[in-house]
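S.K.: give me coordinates for this.
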Amino acid sequence: MKTDTLPPSNTSFSDSKSHYEILDALRGVAAIMVVVFHILEAFSFGDHRKQIINHGYLAVDFFFLLSGFVISHAYDDRWNTMTWQDFFKRRLIRLHPMIIMGMIIGVIGFLSYTFPEVYTLSRDVSFGRVMLVMLIGFTLFPLPVSMDIRGWIEMHPLNGPAWSLFFEYIANILYAFLLRKISNTVLAVLVALAGFALVHWAVTGPSGDLIGGWSLDPLQFRIGLTRLLFPFLAGILLARVSKPGYIKNAFVWCSLLLILVLAFPRVGGDRLWLNGIYDSLSVIVVFPVIIYMGASGTIEGKGLLRIGRFLGDISYPIYIIHYPLIYIFTGWVIEDKIPLAEAWPVGLLVLVASLLIAYSSLKWYDIPVRKWLTERFMKKNKKAITNASGLPPTSNQNG
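M.R.: Model prediction:
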């Protein structure tokens, strides 16, 4: 089993920018779907065709598209006053504190439960090697297959989803040094080429889907790049050329459509290419439509607004901290052969615990640490720190 979803990538907006509150909330909707996907994955171990929330892995592609959109929206017109060093400081302050927290939770989980039947390498790993993997994980540098300590060949075996943050950082580097400078025409050509590569892999690949990217194994690394390039490039292009209008009840419709795409059953049976077409159409057509709709509305009603803000707040924390709990849950289910009918209360507990840990980490660790880092390393922006959390009043409290 492999983890296959990306962290929600959040981006700061200047005060003059429109705040796409629905996009923040959709990030949270997708993140919770990821947790449910991973909980249920334990009961289809090794056979994604039997997965109940079957296309939950496409959340990673949605996050990459959303990342390209919001980064372009936030930063395209700011480079006359901002250096690439400023840009990377902002991104590191926003993303990296929770990466460290995820690794710490991951090492606690690893040392608590090994489940050698499921995690074949875990029984023979020394404490020192685990600590080394954790320290490297703090930097987000990917581990080669030779340093695996679990048996799933993950580049971050203490917290699998960190693979997608690694590709997110690659996307940020590409944007800062290249993509922000190119014309829309050149960008459109790159989008078309990346889209062709994505469809080709989804339709002709051995599994008929876009699953993969979590390893430095050459094939897995290729899948990760293929999944990154089209949605991230398309998100930038969408932000540059689209002019959002107004769509009533956009939050509700976007949420329902996103949940439907991610939960849709496997397509085509043994005709794997049919599911590849489904994946391709979801990423190339449906996800851009969802993001356009989300950018074209506001969350209406105080109740929905509170829900939306909560979803936006916990979207990144729950993504980056939940998988250590999934390792334990999956190991228990498989090691003791527990059926879904008996395990679902524990699975529900995993979901609730993920929400609680994510919210606690956000309030008592992530926000204070980002506030301190912002004041320490972004001194010229200290006047922007005006809201109750101590961070700029920007999308999803990004620094």
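S.K.: avg pLDDT for stretch 78-98?
M.R.: Per-region confidence: stretch 78-98 scores 96 on mean pLDDT.
S.K.: revised request: answer the last question for stretch 168-179.
M.R.: 98.
S.K.: ok, and what's touching that stretch?
M.R.: In this structure, residues lying in contact with stretch 168-179 by Cβ atoms under 8 Å, 6 or more residues apart in numbering are 6-7, 9, 64, 67-68, 71-72, 75, 84, 87-88, 91, 95, 140, 187, 225, 228, 232-233, 236. In short, each C-beta sits where N, CA and C put it, glycine included.
S.K.: and residue 280, how many neighbours does it have?
M.R.: 21 (other Cβ atoms under 10 Å).
S.K.: now residue 359
M.R.: 15.
S.K.: cool, and residue 292?
M.R.: 18.
S.K.: and what of residue 345?
M.R.: Other residues lying near residue 345 total 8 when counted by other Cβ under 10 Å.
S.K.: and the next element down the chain from the helix or strand containing it?
M.R.: For residue 345, the host element (DSSP states H and E) is helix 340-361. Later in the chain than helix 340-361, the nearest helix or strand by DSSP H and E is helix 367-377.
S.K.: which one is residue 239 nearest to, not counting chain neighbours?
M.R.: For residue 239, ignoring the flanking residues on the chain, the nearest one in space by Cβ to Cβ, 6 or more residues apart in numbering is residue 72 at 3.8 Å.
S.K.: list the buried residues in the helix or strand hosting that neighbour.
M.R.: Assigned by DSSP H and E, residue 72 belongs to helix 59-75. Within helix 59-75, the residues that count as buried by 16 or more other Cβ atoms under 10 Å are 59-75.
S.K.: okay, now the unreliable bits of the stretch 1-150 of the chain?
M.R.: Residues of the stretch 1-150 of the chain that meet the criterion pLDDT under 70 lie in 1-18.
S.K.: now with 90, please.
M.R.: 1-19, 45-50, 113-114, 116-117, 122-124 (pLDDT under 90).
S.K.: between the longest helix seen in the chain and helix 367-377, how many degrees?
M.R.: Using DSSP state H, we find that the single longest helix of the chain is helix 84-112. Relative orientation of helix 84-112 and helix 367-377, computed by axes from the mean of the first three to the mean of the last three Cα atoms, to 10 degrees: 150 degrees.
S.K.: for helix 84-112, buried residues please.
M.R.: The neighbour-count check on helix 84-112 (16+ other Cβ under 10 Å) flags 86-87, 89-107, 109-110 as buried.
S.K.: and for stretch 174-192?
M.R.: In stretch 174-192, counting by 16+ other Cβ under 10 Å, buried: 174-176, 179-180, 187-188, 190-191.
S.K.: of these, which pair is most distant in space?
M.R.: Greatest spatial distance in these: 176 and 188, 20.4 Å, computed using Cβ to Cβ.
S.K.: all strands of the chain, in order?
M.R.: Ranges of strands in the chain, per DSSP state E: none exist.
S.K.: would you map the helices across it?
M.R.: Assigned helices in the chain, in chain order: 21-41, 59-75, 84-112, 127-139, 162-177, 184-204, 218-241, 250-263, 272-281, 287-295, 302-321, 323-335, 340-361, 367-377 (criterion: DSSP H).
S.K.: quick one, the shortest one and helix 250-263 angle?
M.R.: Between helix 287-295 and helix 250-263, the angle comes out at 160 degrees (the same axes, to 10 degrees).
S.K.: how close does the closest residue to residue 89 other than its chain neighbours sit to residue 343?
M.R.: Closest residue to residue 89 apart from its sequence neighbours, by Cβ to Cβ, 6+ apart: residue 377 at 5.5 Å. Distance, residue 377 to residue 343, by Cβ to Cβ, to the nearest Å: 45 Å.
S.K.: residue 232 now?
M.R.: Look at residue 232 and residue 343: by Cβ to Cβ, they are 36 Å apart.
S.K.: ditto for residue 79
M.R.: For residue 79, the distance to residue 343 equals 51 Å [Cβ to Cβ].
S.K.: which one's more surrounded, the two?
M.R.: residue 343 (19 against 14).
S.K.: residue contacts, that one?
M.R.: Residue 343 touches 42-43, 329, 332-333, counting by Cβ under 8 Å, 6+ apart.
S.K.: buried only: go through those residues for me.
M.R.: 42-43, 329, 332-333.
S.K.: distance from stretch 181-200 to the middle of the chain?
M.R.: Stretch 181-200 sits 22 Å away from the centroid of its parent chain (Cα atoms, centre = their mean, to the nearest Å).
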